[in-house]
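Colleague: Fold the following for me, if possible:
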Amino acid sequence: MKVYRGIDDTAECRNGYVSIGNFDGVHRGHQSMIAALGRSAARHGAPALIFTFDPHPIALLRPGQSPPPLSTTERKLELLSQYPVDAVLVYPTDQALLHLSPRDFFDRIIVGRLQARGLVEGPNFFFGHDRAGNIDTLGNFCSAARMELEIVPPVTVGDHLVSSTEIRRLIADGNVREAAGLLGYTYRVSGTVVRGAERGQSIGFPTANLEGIRTVLPRDGVYAGRVQVGSTWYAAGINLGPNPTFADQERKLEAHLIDFSGDLYGTRIALEFIDRLRDTRRFENVERLKAQLAIDIEHVRGLAKADSPR
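Modeller: Prediction:
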């Protein structure tokens, strides 16, 4: 899969099939759309191109009000590379793009620059200034231009309509296992290991403290998960929030890597949330805390063994 950072670089993907969107999280709804894109492109011997944005348009339209994303651009590309996509255009979002009318976006970008043969979109696709263009608008434009348009139906999992907004809500509520069902994989964040108070080391449960996380975090609690160090995954007990036993009210993300020894300071690592175990709470003394941590770790071992990273 090739990655383009500018629309002028996409010459070899012209006259192909295109899907346009933010693809935040590359969830099951996106995966269904990408599969349809790949089928259309393969059927006509044409390239399949994903057109996405960096930064998210909301970051420019409403600075400071955009919700934290489910995936960084790097993670999005990693996920997209698993599907039948020839190339991804990561369009550098700017005001000029955001102020194009739906008509201008279609004529200048889709027809003029990409020379698209067909489009594959979901039912909630909006485009152009103030999101004035919708699927009906796009359908009319494509029909007049004799361009194929496939609308992929929404995906539901249980009672949930799969969307980035719904997944973000589930994660923020701590329902990381339910969110994984909508994503199609275990939710992952990445951050840099920094020095903490080292209390975990002193009680026999050393932790890696993560900072610099750019994606949505679950609500406070203790979670079962795993951490990737290099190419190796380790089961991990994760604490997100304050540490009331030590009267520490600062919100932190720290992970105890089971069966790992080594120095991780300054290393950027990936961390996955498998399931929420319990609330954070204050223990009467350190011995009670250690006893609970031992129970948590055994629970983590079982959950991590039953799950596998993606």
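Colleague: Report the spatially closest residue to residue 141, excluding sequence-adjacent ones.
Modeller: Nearest residue to residue 141 in three dimensions, chain neighbours excluded: residue 106, at 4.7 Å (Cβ to Cβ, 6 or more residues apart in numbering). No exception for glycine: its C-beta is placed from N, CA and C like everyone else's.
Colleague: Where does the prediction get shaky in the protein?
Modeller: Flagging of the chain using pLDDT under 70 yields the residue ranges 197-202, 204, 244-249, 306, 308-310.
Colleague: Looking only at residue counts, what's the top helix in it?
Modeller: helix 286-306 (DSSP state H).
Colleague: got the buried residues for it?
Modeller: Buried residues in helix 286-306, defined by neighbour count with 16 or more other Cβ atoms under 10 Å: 289, 293, 296-297, 299-300, 303-304.
Colleague: Which secondary structure elements does it sit against?
Modeller: For helix 286-306, the packing partners by 3 or more Cβ pairs under 8 Å, 6 or more residues apart in numbering; DSSP states H and E come out as strand 221-229, strand 232-243, strand 268-278.
Colleague: cutoff 10 Å now
Modeller: Other helices and strands packing on helix 286-306, by 3 or more Cβ pairs under 10 Å, 6 or more residues apart in numbering; DSSP states H and E, are helix 199-202, strand 221-229, strand 232-243, strand 248-257, strand 268-278.
Colleague: pull the CA atoms of stretch 273-286 into PDB?
Modeller: This file holds the C-alpha atoms of stretch 273-286, laid out as PDB (Å, rounded to 0.1, in the frame of the first residue of the first chain):
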ATOM      1  CA  PHE A 273      -7.200  -2.300  26.700                       C
ATOM      2  CA  ILE A 274      -8.800  -5.700  26.800                       C
ATOM      3  CA  ASP A 275     -11.400  -5.300  29.600                       C
ATOM      4  CA  ARG A 276     -12.200  -3.200  32.600                       C
ATOM      5  CA  LEU A 277     -11.600  -5.000  35.900                       C
ATOM      6  CA  ARG A 278     -12.700  -2.600  38.600                       C
ATOM      7  CA  ASP A 279     -12.800   1.000  39.900                       C
ATOM      8  CA  THR A 280      -9.700   2.600  41.400                       C
ATOM      9  CA  ARG A 281     -10.100   2.900  45.100                       C
ATOM     10  CA  ARG A 282      -8.300   3.700  48.300                       C
ATOM     11  CA  PHE A 283      -6.900   0.700  50.300                       C
ATOM     12  CA  GLU A 284      -6.400   0.800  54.100                       C
ATOM     13  CA  ASN A 285      -2.700   0.000  53.800                       C
ATOM     14  CA  VAL A 286       0.000  -1.100  51.300                       C
END
